[in-house]
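Chemist: give me a model of this one.
(4 chains)
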There are 2 protein chains.
Amino acid sequence: MRLAELSEHSGVSTATIKYYLREGLLQPGRRTSATQAEYDERHLRRLRLVRALIQIGKLPVAAAREVIAATEDESLDHHMRLGAATWALPQGPAAMEEDAAHQAASEAVAALLDRLGWDAEVALAEFAPAYRTLLASVAALNRLGYPCDVEHLLPYGRLAAELAVSDLDMVQKQPTPEGQIEAAVALTVLYEPVLLSLRRLAHAEESARRFAAKRA
Amino acid sequence: MRLAELSEHSGVSTATIKYYLREGLLQPGRRTSATQAEYDERHLRRLRLVRALIQIGKLPVAAAREVIAATEDESLDHHMRLGAATWALPQGPAAMEEDAAHQAASEAVAALLDRLGWDAEVALAEFAPAYRTLLASVAALNRLGYPCDVEHLLPYGRLAAELAVSDLDMVQKQPTPEGQIEAAVALTVLYEPVLLSLRRLAHAEESARRFAAKRA
DNA sequence: TCCCTTGGAGACTGGCACTATCCAAGCATG
DNA sequence: CATGCTTGGATAGTGCCAGTCTCCAAGGGA
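Modeler: Reported below is the predicted structural model:
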C-alpha cells in the first residue's frame, strides 16, 4: 500500500498522514525505492487508532505520541503499559496557590480514596495527572460554593470503580498482550466521550421527568 | 469594586477580564464616570463561574458565552434553561459518511435508549450534540474493531442514570430558580473532569490489583 | 495643577493542527 | 530512450483560538 492508498483506506488526507509521520505518530513505511514507500495493515490500524484518539478522544497530538510510544516501550512491564493512556491527560495549568478551596479538595479526595479502599500510593505515584485534575476540579467546585466533599464524591467514585472492572474485563478479553495494551488505550480514551454523552443524555431525561410539565 | 479589584479578587488578569467583557461573557459594570466602572459580587461570582467553565470544563469561549446567555434567557422555561449546559458540547466534526460502523452505532444507541427506558425524543430533539457525540464515539470504537453494542453500553448507561439522579438532587437543593440553573450548569460541566479523573484512577487501581505482581 | 491610573479599542502574539508549495527522484507510456 | 505525471519528503504558510500588549483620552487624587 502506498501513502495515497493508505489515505484512501483511512479517509485521512495524505498531507495529514505526512504530518503524523513527521510527528512520530506513525512508523515510516518500508522504503521500496528512493521515492516510494510501502505501508501495510498495521499502519492502517494504527492510523485509525491515532485518528480516533485525536478526533474522538480530543488528545493533543503530542499526548497521542506519548501514549503510542509508551504502548511500544518494551522496557515497561505490562501493568505500566496498560496505564499508558492515563498519562496523556492534558493536565491543567499546574496547581493553583494553596488556598482554602484547594486545601479542602485535598482532604476530600484523600478521604474519598480511603473510603473506596484505593491505594493512595498508586494514585499519587503513578497517575499524578488524573489526581491533579481531580484536585483542581474539586477545588474549583469549592471555590464556587458547591460542596464537593466525600459524600458527594463517593457515588462518583463507586461508579468509576464499577466501570473500571467492566473496562478491564474487556481488556482481558483480548488474546495477545499487544492487543490488551491497545485495547486499554482505546477503551480508556474513547469511552470517555461515551460516558460524558450518556451522562448529559441522562440529565436531559431526568430533568424532563422532574421539571417538564408540558409532556404527556 | 473597580476592574483592577475584580481582577485581584478573582485572580484573573485585567486584560483577560477586558477580553471576557468584549466577548460578552461578563456584563459591563455600572459606569460611574467616563473612565470608571463599578463591579459587584455578582460580577465576581460570574467571573469565577466563567473561568471554571473555561479552565476546568475546557469549554471554548464561544460555548461558554452561549451557556451563560441561555441561563439568562427569560423566554425559556425552567427545564430548558437547566439544559443549557448540555448545548455547549464542542460537537465533533459533523456526522461521518454513512458507513457500516456508523450504522451499527445508530442501532446500538437506539437499542440502548430503549433498554434504559429513556425517551428518544428528548435525546434527539433537545440534546442533539450529546447524541451525536455518542454516535460518533461508538462508531469510532466499531471502526477499530472493539464491539460496542448494547450489552457493553448498558452498564455505562445505567451508571449515567444514577449520576443524573444524584446530580439533579443537588440541583434541587438550591433554593432559588436562578441558583438551580447556575448549579445545573456548574455541576454538569465541572463534574465531568471529576468523573473522568476518578475513572482513570479506578483503572489504575483495578489494573494494579490484577496485573502488578510486584506489590506486597 | 500635574501626574498617575482607569477603562476601552484594536492590533499583536504564541500555540496548535493542519495544509500548500516545492523539489528531486522514480515509474510508466509512447 | 524521451517525457510527463506521480511520489515521498522537507519547508513554509494558514486559520483559529485565547489571551496579551499598546495606545489613548478622560478622570481622580495629592
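
Chemist: can you pull the residues of chain A lying near DNA strand D?
Modeler: Proximity of chain A to DNA strand D (Cβ under 7 Å from any atom of the strand) is limited to residues A:2-4, A:14, A:18, A:21-22, A:28-29, A:31, A:35-37. The way it works is simple: take the backbone N, C-alpha and C, and place the C-beta from them, glycine included.

Chemist: now which of those would you call buried?
Modeler: A:3, A:21, A:29, A:37 (16 or more other Cβ atoms under 10 Å in any protein chain shown).

Chemist: wait, A:L195 sits on B:A160?
Modeler: Yes - taking Cβ atoms under 8 Å as the definition, A:L195 is a contact partner of B:A160 at 7.0 Å.

Chemist: okay, these two: which has more neighbours?
Modeler: B:A160 (26 against 23; other Cβ atoms under 10 Å in any protein chain shown).

Chemist: that one and A:R199 touch, don't they?
Modeler: Yes - with contacts counted by Cβ under 8 Å, B:A160 reaches A:R199, the gap being 4.5 Å.

Chemist: tell me, how many residues neighbour A:C148?
Modeler: Neighbour tally, A:C148, other Cβ under 10 Å: 25.

Chemist: so which strand or helix has it?
Modeler: Assigned by DSSP states H and E, A:C148 falls within no helix or strand.

Chemist: quick one, what contacts it?
Modeler: A:105, A:108, A:138, A:141-142, B:194 (Cβ atoms under 8 Å, 6 or more residues apart in numbering or on different chains).

Chemist: got a winner among these for most neighbours?
Modeler: Going by other Cβ under 10 Å, A:V138 tops the contacts of A:C148 with 30 neighbours.

Chemist: quickly check: the host helix or strand of A:L49 near DNA strand C or not.
Modeler: Here A:L49 sits within helix A:41-51, counting by DSSP H and E. No - using Cβ under 7 Å from any atom of the strand, we find that helix A:41-51 stays clear of DNA strand C, coming within 8.1 Å at best.

Chemist: which of the residues in that helix are buried?
Modeler: Buried positions in helix A:41-51, judged by neighbour count with 16+ other Cβ under 10 Å: A:43-44, A:46-51.

Chemist: with stretch A:2-15 instead?
Modeler: Going by neighbour count (16+ other Cβ under 10 Å), the buried part of stretch A:2-15 is A:3, A:6-7, A:10, A:12.

Chemist: want to throw these into a markdown table with pLDDT?
Modeler: Converted to a markdown table, the buried residues of stretch A:2-15 look like this (pLDDT from 0 to 100):
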| residue | pLDDT |
| --- | --- |
| A:L3 | 90 |
| A:L6 | 92 |
| A:S7 | 93 |
| A:S10 | 91 |
| A:V12 | 93 |
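
Chemist: and of these, the nearest to chain B?
Modeler: Ranked by distance to chain B (Cβ to the nearest Cβ), the buried residues of stretch A:2-15 are led by A:S10 at 9.8 Å.

Chemist: now the residue nearest to the closest one when sequence neighbours are not counted: how far from B:R143?
Modeler: Using Cβ to Cβ, 6 or more residues apart in numbering or on different chains and skipping residues adjacent in sequence, the residue nearest A:S10 is A:L47, 4.9 Å away. Per Cβ to Cβ, to the nearest Å, A:L47 is found 11 Å from B:R143.

Chemist: now do A:R132
Modeler: From A:R132 to B:R143 the distance is 32 Å (Cβ to Cβ).

Chemist: neighbour count: the two, which is higher?
Modeler: A direct count of neighbours by other Cβ under 10 Å for A:R132 and B:R143 places B:R143 higher, at 23 against 17.

Chemist: what about the helices in chain A?
Modeler: Along chain A, counting by DSSP state H, helices occupy A:3-10, A:14-23, A:41-51, A:61-72, A:78-82, A:100-116, A:120-121, A:128-143, A:150-173, A:177-211.
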